[in-house]
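> let's see this in three dimensions:
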Amino acid sequence: MRTLRNNGGQGRWARLGAALLTLLLALPVLPTPAGAQEPAPRRNLFDFLFGGPRYERYERYDRYEPYERPPRRRYDRRDSVIQMAPRPRSNRSTVRAAPPRPQPPVAPPAPEPVAKLENAKQILVVGDFMAGGLGGELEATFATSPGIAVTQRSDGSSGLVREDHFDWPAELPKMLGEVKPAVIVVMIGANDRQQMDIGRTKEKFRSDAWFKEYEARVARLVDIVTSQKLPLLWVGLPSFQSPSMMADAVTLNAIYRNQVGKAGGEFVDIWDGFVDEDGKFVLTGSDVNGQQVRLRGSDGITFTKAGKKKLAFYVEKLVRRHVGDMASPDLVKLDGSNLPALSILPGTPDQAIPTQPISLSDPELDGGKVLLGAAPPPTVLVETPRDKLVRRGELAPAPAGRIDDYRVQTTQ
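Sure, this is the predicted structure:
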């Protein structure tokens, strides 16, 4: 029994000694100045269990100090702005100024419209919604021309198929009598890809009977204009994004070109202005200044502002050819009928007698257009070396003695 008691006491002292040894090993070891070059202290069991401090080495002071976490972002719901807690002092606290944003180019202001003359020539634009956009841009184009006035008479949903909605053969003669235009511009057909009522029958689009009746209606509208001896400009359909619409536009343009050409009118082909080099539909292309802009709407049918301006550019050239000098802005022809009348006062020794103003373009007021002393062009024209090279491919001989003179020289 004594032996068992002695062994029990020794076991207790052994267990107590092991516990103390474990506590001593678990305690953190403080670094000494001599151990500054040693690696950072390792975290013990208590640090992992109860979140002890982390250590980071500072090379500047050559010692280890507790690591501080960076401040967290906090969200302020009152002003919905993410704020940062103040950081410790730093030498890099300067904030760079944001670079200035590029300002968008300012479009030049549109010219102020001028008052039209009483005898200004009228340009009548008729058709569907495309004719409406064309007429608006033509009006802006000739805004500074006092001798040209543009009148637009369009119906956006009209065409040559639905005469029950708008009957162009019946309404066009009334417009001609009211406006008395000098030039007629027609753009129609974008709404005509649909069923047509012919008498009591209904013909589907693309049938032979449909095309035959459509040609007759186009010819009837053209005859209304040409019978009054008025210049006719028929603007063709542009390309469309839909392949089927694009194919139908080609077919309808062939009908317009054929019927207008027979009656002596002019067909304005705008197809190449709204396709690429391969003949495919484009949303973005070159405008009248050669810049790449958006020409068509997102639906692949309508035009943008730049597209309407390009469309009017095709028609403007032909309109100017028909109206002549009346389309020139800020120019008014002076003749004996519109010169201001000035009263001639008796002259005195210190006062000159005023005279009537003289026109610079026609001093004699006889309608002449040739300046005094102007000689007729020579009847015999001498071709320059450039003309010989361009026309016939002939190159002038090199001067004698030059390096490219290959003529054989004989010695005397």
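> how near is Val250 to Gly300?
For Val250, the distance to Gly300 equals 16 Å [C-beta to C-beta, to the nearest Å]. C-beta: built from backbone N, CA, C; applies to glycine.
> repeat that for Thr22.
Separation of Thr22 from Gly300 (C-beta to C-beta): 84 Å.
> more neighbours: the two, which one.
Set Thr22 next to Gly300 and count neighbours by other C-beta atoms under 10 Å: Gly300 wins out with 14 against 10.
> so the more buried one makes contact with Ser239?
No - using C-beta atoms under 8 Å, Gly300 is not in contact with Ser239, being 9.2 Å away.
> what's the overlap in contacts for those two?
Phe281 (C-beta atoms under 8 Å, 6 or more residues apart in numbering).
> just checking, what packs against the host helix or strand of Ile255?
Assigned by DSSP states H and E, Ile255 belongs to helix 243-263. Contact here means 3 or more C-beta pairs under 8 Å, 6 or more residues apart in numbering; DSSP states H and E; on that basis helix 243-263 packs against helix 208-226, strand 232-235, strand 266-268.
> any idea which of the ones you listed is most buried?
strand 232-235 (a mean of 24; mean count of other C-beta atoms under 10 Å).
> low pLDDT regions in this structure?
1-10, 24-43, 45-99, 101-111, 325-381, 408-412 (pLDDT under 70).
> what about 90?
In the predicted model, the chain carries pLDDT under 90 at residues 1-119, 144-145, 147, 199-200, 288-290, 317, 321, 323-412.
> that one: helices as residue ranges?
2-26, 45-50, 129-141, 168-179, 208-226, 243-263, 305-323, 385-391 (DSSP state H).
> including distance to Gly273, could those go into CSV?
What follows is the helices of the chain, written out as CSV (distance: least, C-beta to C-beta, whole Å):
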stretch, distance to Gly273
helix 2-26, 88
helix 45-50, 78
helix 129-141, 13
helix 168-179, 26
helix 208-226, 23
helix 243-263, 13
helix 305-323, 6
helix 385-391, 30
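> what is the burial count for Pro231?
20.
> just checking, it touches Ala182?
Yes - counting by C-beta under 8 Å, Pro231 does reach Ala182; the two are 7.4 Å apart.
> between these two, what contacts are shared?
His322.
> contacting residues around stretch 387-395?
Identification of contacts with stretch 387-395 by C-beta under 8 Å, 6+ apart yields Glu383, Pro385, Ala396.
> do that again at 10 Å, thanks
Contact with stretch 387-395 is made by Leu381, Glu383, Thr384, Pro385, Ala396, as judged by C-beta atoms under 10 Å, 6 or more residues apart in numbering.
> residue contacts, the last one?
Right, the one you point to is Ala396. Counting by C-beta under 10 Å, 6+ apart, Ala396 touches Thr384, Pro385, Arg386, Lys388, Leu389.
> any idea how many residues pack against the third one?
So the one you mean is Arg386. Applying other C-beta under 10 Å, I find that Arg386 has 9 neighbouring residues.
> show me the contacts for it.
Contacts were defined as C-beta under 10 Å, 6+ apart; by that measure Arg386 touches Ala396.
> for Ala396, see how far away it is.
10 Å.
> then the fourth one?
According to C-beta to C-beta, Lys388 and Ala396 sit 7 Å apart.
> cool, and the second one?
Taking C-beta to C-beta as the measure, Pro385 falls 5 Å from Ala396.
> again with the first one
Counting by C-beta to C-beta, the gap between Thr384 and Ala396 amounts to 10 Å.
> quick one: contacts for the closest residue to Met246 other than its chain neighbours?
Closest residue in space to Met246, ignoring its immediate chain neighbours: Phe240 at 4.9 Å, by C-beta to C-beta, 6 or more residues apart in numbering. Contacts for Phe240 (C-beta under 10 Å, 6+ apart) come out as Ala190, Arg193, Met246, Ala247, Asp248, Ala249, Phe274, Phe281, Arg296, Asp299, Gly300, Ile301.
> isn't Gly261 up against Phe267?
Yes - here Gly261 reaches Phe267: they are 6.5 Å apart, a contact under C-beta atoms under 10 Å.
> any common contacting residues for those two?
Common neighbours of Gly261 and Phe267 (C-beta under 10 Å, 6+ apart) are Trp234.
> pretty sure Lys310 contacts Thr141?
No - taking contacts as C-beta under 10 Å, Lys310 lies outside contact range of Thr141: 11.6 Å.
> more neighbours, these two?
Lys310 (23 against 19).
> mind listing what's buried in stretch 266-276?
Glu266, Phe267, Val268, Ile270, Gly273, Phe274 (16 or more other C-beta atoms under 10 Å).
> please disregard the earlier target; I meant stretch 302-319.
Of the residues in stretch 302-319, those buried (16+ other C-beta under 10 Å) are 303-304, 306-316, 318-319.
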